[in-house]
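1. Show me how the following folds:
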Amino acid sequence: MKLLMLGGTEFVGRAVTEAALARGWQVTVFHRGRHAPVPGTAVVHGDRTDAATLTALADGTWDVVVDTWAGAPTAVRDAARLLADRAGRYVYVSTGSVYRHPAGPGHTEAGPLVDGSPDAEAVAYAEDKRGGELAALAAFGEDRTVLARAGMILGPWENIGRLPWWLTRIARGGPVLAPGPRDLGLQYIDVRDLAAWVLHAAETGLSGPYNLISEPGHATMGELLEACVAVTGSDAELRWSGPEEILAAGLAPWTELPVWLPPGELYDAIHRGNPAKALGAGLRCRPVAETVADTWAWLQELDGPPPLRPGQPVGLAPEKEEAFLRGEIPRG
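-> Presented below is the predicted three-dimensional model:
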């Protein structure tokens, strides 16, 4: 198989690239040159938002194109149009955020979607991703397009900072604010399981939208954080606190306390989707302990902190955590 990876040097794109190389595929990565490509790939440099450099892809044929773009849908539109006659299939890594809020527990691929346009400039994450879906469909058609609607993605090379923050914080040791309840179910996908399924979809000729996530409750908040304690070998003491007191103290779910959401509409949208279609089409999800251990091993290989994409910082400030644990922040 011949793969054209649009990007291919960070997180999801890198995982797809490495998985394809491991299968013996021929991989071409098209990127701006800001990060080193995976060894063994053919490299084409260019900026997909610049029509002049996008023409670097004017020649060549591929079995599949994989695209993780999260900005203006016009970038997906222009790339897909350019490649439609020279690639067999287009896999667009989208997001569960394209479902209209509130998605509700058990939402499937048939759920109502946010508005989007393939001709839009950057608007907001969900609308941009939906516009990217529509752009891919317009160029490749429904029979040759896979919409991989990923949930929360964890694993090595993460450039968002959710699991790396928890691992780094727990490695520091001492009392750790653990947002509960401990048995709160989590739904996510390991980036390598995502990559393996994307390549499987290309090999077997799948098409259409898929909720690319584990089953609800694949892990719990307790299992995730206790795995972090185990792999780091720290003396961290998890101090479990309930949603009511955390919210009353003004601590922000998801951003200050990564991964965690209190039960409610947003929790249902992120952690209670229906992955039956993807599971029936070959998706396999590894245990949380493996994801945590491999992410920690990757962090140990880095010379400094993990690379993070620009955006809102992730994680709770140490002084704020200490104040909460000492009872200095009102809890309602």
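
2. where do the strands sit along this protein?
-> Assigned by DSSP state E, the strands in the chain fall at 2-6, 26-31, 42-45, 62-67, 87-95, 145-150, 153-154, 175-179, 185-186, 189-190, 208-212, 219-220, 237-241.

3. Report the backbone C-alpha coordinates of stretch 173-182 in CSV.
-> Extracted in CSV, the C-alpha atoms of stretch 173-182 (Å, rounded to 0.1, in the frame of the first residue of the first chain):
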residue,chain,number,x,y,z
GLY,A,173,4.7,12.8,44.4
GLY,A,174,3.0,14.0,47.6
PRO,A,175,-0.7,14.6,48.0
VAL,A,176,-2.5,14.7,44.6
LEU,A,177,-6.0,16.0,44.0
ALA,A,178,-7.8,13.1,42.3
PRO,A,179,-11.1,14.1,40.8
GLY,A,180,-13.8,11.5,41.4
PRO,A,181,-15.7,9.5,41.8
ARG,A,182,-12.9,6.9,41.6
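
4. Can you mark which positions in stretch 82-93 are buried?
-> Across stretch 82-93, burial judged by 16 or more other C-beta atoms under 10 Å covers Leu82, Leu83, Ala84, Ala87, Arg89, Tyr90, Val91, Tyr92, Val93. The C-beta positions use only the backbone N, C-alpha and C, and glycine is treated the same way.

5. buried stuff in the lowest-mean-pLDDT helix or strand in the chain?
-> In the chain, no helix or strand scores lower on mean pLDDT, DSSP states H and E than helix 51-54, which sits at a mean of 91. By 16+ other C-beta under 10 Å, the buried positions in helix 51-54 come out as Leu54.

6. Counting by contacts, list what that helix packs against.
-> The contact analysis (3 or more C-beta pairs under 8 Å, 6 or more residues apart in numbering; DSSP states H and E) places helix 51-54 against helix 73-83.

7. Which pLDDT does the model give the residue nearest the centre of the chain?
-> Centroid-nearest residue in the chain: Ile153, 3.3 Å away (criterion: C-alpha atoms, centre = their mean). You'll see Ile153 listed with a pLDDT of 98.

8. do the same with Ala171
-> We have a pLDDT of 98 for Ala171.

9. Am I right that it is in contact with Asp235?
-> No. Using C-beta atoms under 8 Å, Ala171 is not in contact with Asp235; the gap is 10.1 Å.

10. circling back to that earlier point, the residue nearest to the centre of the chain is in contact with Gly13, isn't it?
-> No. Using C-beta under 8 Å, Ile153 makes no contact with Gly13, being 11.6 Å away.

11. one step back: now distance to Gln312 too, for the strands of the chain, in a markdown table please.
-> Below are the strands of the chain laid out as a markdown table (distance: least, C-beta to C-beta, whole Å):
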| stretch | distance to Gln312 |
| --- | --- |
| strand 2-6 | 25 |
| strand 26-31 | 24 |
| strand 42-45 | 30 |
| strand 62-67 | 24 |
| strand 87-95 | 16 |
| strand 145-150 | 19 |
| strand 153-154 | 17 |
| strand 175-179 | 18 |
| strand 185-186 | 21 |
| strand 189-190 | 22 |
| strand 208-212 | 24 |
| strand 219-220 | 24 |
| strand 237-241 | 23 |
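
12. Pick the most deeply packed of these.
-> Of all those, strand 189-190 carries the top mean neighbour count, a mean of 26, counting by mean count of other C-beta atoms under 10 Å.

13. and that strand, which strands flank it?
-> Within its sheet, strand 189-190 is paired with strand 153-154 (parallel), according to DSSP bridges.

14. Contacts for the partner strand, please.
-> For strand 153-154, contacts defined as C-beta atoms under 8 Å, 6 or more residues apart in numbering pick out 11-12, 160, 162-163, 188-191, 194, 259, 291, 295.

15. same question, stretch 26-45
-> Stretch 26-45 is touched from outside by 1-10, 13-14, 17-18, 20-21, 46-48, 53, 56-57, 60, 62, with contacts defined as C-beta under 8 Å, 6+ apart.

16. the helices in the protein, which residues?
-> Along the chain, the segments classed as helices by DSSP state H run 11-22, 51-54, 73-83, 125-140, 162-172, 191-204, 221-232, 243-248, 265-271, 276-280, 288-301, 318-325.

17. Looking at the strands of the chain, spot the one closest to Gly273.
-> strand 208-212 (5.1 Å; C-beta to C-beta).

18. which parts of stretch 96-109 are buried?
-> In stretch 96-109, counting by 16+ other C-beta under 10 Å, buried: Gly96, Ser97, Val98, Tyr99, Ala103, His107, Glu109.
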